[in-house]
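In: Got a sequence here, can you model it:
(2 chains)
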Amino acid sequence: GAVVSQHPSRVICKSGTSVKIECRSLDFQATTMFWYRQFPKQSLMLMATSNEGSKATYEQGVEKDKFLINHASLTLSTLTVTSAHPEDSSFYICSARRQGRDTQYFGPGTRLTVL
Amino acid sequence: LAKTTQPISMDSYEGQEVNITCSHNNIATNDYITWYQQFPSQGPRFIIQGYKTKVTNEVASLFIPADRKSSTLSLPRVSLSDTAVYYCLVGDISGGYNKLIFGAGTRLAVHP
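Out: Below you'll find the predicted structure:
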């Protein structure tokens, strides 16, 4: 059980454009989803926490107007990188947590390259 | 949030048992200990989770002493495919806000 998918797995875009990444929990309902970013050879950095039906909570230093998060249903959260710049190029990973006492399950990640 | 300390890297050989120890001196009463494995360009994969004493599943064992200030992930008879980064995290999984903060992790290299 506990499968999380992400789409797309890889995306290349031009500087200034916006990119949407989807995170889906396939076999469970996720009351909370998380978005992380990981640069090469570094650890995962939590960007924001997304609760279904409410606004996301962003970590310090993460621009909420640049990284738009929508958690519209119990199985889907989206991260939109607006006006992307080359420095936004990174590996974006989501995770999902079921209701109650449970751990987080991670998606396979999305590689974003901004030219 | 409890911070964790792990060795930056470890080396082992195929067939050996590998033990990775994690320190979490400030662990709270409601915190659980969770270990993840990550391969390059993939999301972390859940390995094992525990609260106290010993937990064992099909891939690993987790040893937690009574004071819970540390934990040890034990991988029996590693193979080349176990080469990965291993993360130890602590957090309250019973609450509604299960925020996990990743440390640097331990980079395990398994050699032939």
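In: Name the residue of chain B with the shortest distance to chain A.
Out: Nearest residue of chain B to chain A (Cβ to the nearest Cβ) works out as B:Gly43 at 3.7 Å. From N, CA and C alone the C-beta is placed, and that goes for glycine too.
In: mind pulling up the phi and psi values for the spatially closest residue to that residue that is not a sequence neighbour?
Out: Once flanking residues are discounted, B:Gly43 sits nearest to A:Phe106: 3.7 Å by Cβ to Cβ, 6 or more residues apart in numbering or on different chains. Here is the backbone geometry of A:Phe106 (degrees, to the nearest 10): phi -100, psi 150.
In: so what's A:Phe106 up against?
Out: With contact taken as Cβ atoms under 8 Å, 6 or more residues apart in numbering or on different chains, A:Phe106 is in contact with A:Val4, A:Ile93, A:Cys94, A:Ser95, B:Tyr36, B:Gly43, B:Pro44, B:Arg45, B:Phe46.
In: returning to that earlier point: how much space is there between the residue of chain B closest to chain A and B:Lys69?
Out: 29 Å (Cβ to Cβ, to the nearest Å).
In: Among these two, which residue is more densely surrounded?
Out: B:Gly43 (23 against 14; other Cβ atoms under 10 Å in any protein chain shown).
In: how much space between the more buried one and A:Lys55?
Out: 25 Å.
In: And the residue of chain B closest to chain A, how close does it get to A:Tyr105?
Out: Taking Cβ to Cβ as the measure, B:Gly43 falls 9 Å from A:Tyr105.
In: Common neighbours of those two, please.
Out: Shared contacts of B:Gly43 and A:Tyr105 (Cβ under 8 Å, 6+ apart): A:Val4, A:Ser95.
In: Now A:Arg24, what are its backbone angles?
Out: phi -130, psi 140.
In: try A:Glu87
Out: phi -70, psi -10.
In: And for B:Tyr51?
Out: Main-chain torsions, B:Tyr51, degrees, to the nearest 10: phi -110, psi -50.
In: In this structure A:Tyr58 contacts A:Lys66, no?
Out: No - if you go by Cβ atoms under 8 Å, A:Tyr58 and A:Lys66 don't touch, sitting 10.0 Å apart.
In: So which of those two has more stuff around it?
Out: A count of neighbours by other Cβ under 10 Å puts A:Tyr58 above the other of A:Tyr58 and A:Lys66, at 19 against 15.
In: By proximity to chain B, which residue of chain A wins?
Out: Counting by Cβ to the nearest Cβ, chain A gets nearest chain B through A:Phe106, at 3.7 Å.
In: Need the per-residue pLDDT for that residue.
Out: Looking at A:Phe106, its pLDDT is 95.
In: Check B:Ser94 too.
Out: Here, the pLDDT recorded for B:Ser94 equals 64.
In: cool, B:Ala2 as well?
Out: 57.
In: same thing with B:His111?
Out: 97.
In: excluding its backbone neighbours, what's nearest it?
Out: According to Cβ to Cβ, 6+ apart, the nearest residue to B:His111 is B:Tyr13 (5.2 Å).
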